[in-house]
Each structure stands twice: as structure tokens, then as C-alpha cells.
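[1] Below: sequence and its predicted model.
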Amino acid sequence: MRWLGIDPSLSQTGWGLIEVDGPRLRHIEHGVIKTKATMDIQDRLYYIRIEMETVMGQLRVSDAVAFEETHLSMAKGGMSAIALARAQGAILSATGHFVNSVEIMKPSQWRKALGIGGNGDKRAAQAAVTTLLGMTEPPTPLDAAEGLGIAIAGSTRR
């Protein structure tokens, strides 16, 4: 089963694809979708959606998607939370074309599933993902490493 994990953001959405075969986890690919702050909001959201659809189509994601739920406490204020929620909406609309199963997890949930505690930071997630997937080099950028971590955690919930 293939799991796509997504760390949503308006500026740099991280994603990571893994394959799960029983207890074995295998890294497939990871990356980020970047938008420029100078773009209009509707253009940024459209770009995120189209790029997410492209990733899912090219990598043949059809099994399951897991992504991080955003809380107001994560954002640096009300406007940041709204922007993040908009990015989540663009991502959710993209996933609907490809999968029927979407797991939405709080940051503390997926971090605990990786064994780094609910308040683990991006570098701790990167280290855990490197170990759990048996990678020789840590995945970069950090947002993509978190996408892989979210995919791993999502796979443990099924």
C-alpha cells in the first residue's frame, strides 16, 4: 500500500511517498511545492492544487493520503491560520481525484507515532524518518521529511 504524507503550507508544502508491505516501509520519493509570497492568494492555492495533482498522478498515488491538521496555536496569528487552512483546502480538493482514504492527524499524533514525542521538532522528525526508512542520507528539505513522517504515521493507523 502506498501512503502519501503531506505537511501543508501556503509557502512550502512538504510531501513524501512511502510503500508499506506488512511491517516493511520503503521510501519512494519526496519533495516540496513552493509558492512565492508575491503571488495572489488564488494563484498560490491553484498552483498548490495543480502541483499536488501532478505529484499524485505521476507517482500513481491511489491508496491513502495522510496530512497534518493545523491548529490556531501552530500559526503565528489569525491570518496565518486562515492561510494555512486555505492551503489545506486546496490539497484536500486535489486528493479527492485520486484516493478515497484520507487520514488527518494532529502534529502531536504523527510525531508520537514516529517516537519523537508530541513536541518533536523538524530535525527530530528528519532523523526518525531516516532511521525508519533505512535511508543513507536524511531527506531534505525538512518539510519533505515531515511529509514522509506523516506518511509513516498514517500507515500505522490502518
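    Thanks, I have the structure now.
[2] Give me the residues contacting stretch 137-148.
    Where contact means CB atoms under 8 Å, 6 or more residues apart in numbering, the residues beyond stretch 137-148 that reach it are 4-7, 9, 12-16, 18, 27, 30-32, 68, 122-123, 125-127, 129-130, 133. (C-beta placed from N, C-alpha, C; glycine too.)
[3] CA atoms only for it - export them in PDB, please.
    Extracted in PDB, the C-alpha atoms of stretch 137-148 (Å, rounded to 0.1, in the frame of the first residue of the first chain):
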ATOM      1  CA  GLU A 137      21.000  10.400   3.800                       C
ATOM      2  CA  PRO A 138      18.400  12.400   5.600                       C
ATOM      3  CA  PRO A 139      15.600  13.600   3.400                       C
ATOM      4  CA  THR A 140      15.600  17.300   2.600                       C
ATOM      5  CA  PRO A 141      14.200  19.900   2.800                       C
ATOM      6  CA  LEU A 142      12.800  19.500   6.300                       C
ATOM      7  CA  ASP A 143       9.200  20.000   5.200                       C
ATOM      8  CA  ALA A 144       9.500  17.000   2.900                       C
ATOM      9  CA  ALA A 145      11.000  15.000   5.800                       C
ATOM     10  CA  GLU A 146       7.900  15.800   7.700                       C
ATOM     11  CA  GLY A 147       5.700  14.700   4.800                       C
ATOM     12  CA  LEU A 148       7.500  11.300   5.000                       C
END
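[4] which parts of that stretch are buried?
    139, 141, 142, 143, 144, 145, 146, 147, 148 (16 or more other CB atoms under 10 Å).
[5] Of those, which is the nearest to residue 106?
    Comparing these against residue 106 with CB to CB places residue 146 closest, at 13.3 Å.
[6] Please settle this for me: is that closest one part of a helix?
    Yes - judged by DSSP: H, G, I helix; E, B strand; the rest coil, residue 146 forms part of a helix.
[7] Any chance of the buried residues of stretch 137-148 in a markdown table with pLDDT and distance to residue 85 as columns?
    Shown next, in a markdown table, are the buried residues of stretch 137-148 (pLDDT from 0 to 100; distance: CB to CB, whole Å):
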| residue | pLDDT | distance to residue 85 |
| --- | --- | --- |
| 139 | 97 | 26 |
| 141 | 97 | 23 |
| 142 | 96 | 22 |
| 143 | 95 | 17 |
| 144 | 98 | 21 |
| 145 | 97 | 23 |
| 146 | 96 | 18 |
| 147 | 97 | 18 |
| 148 | 98 | 23 |
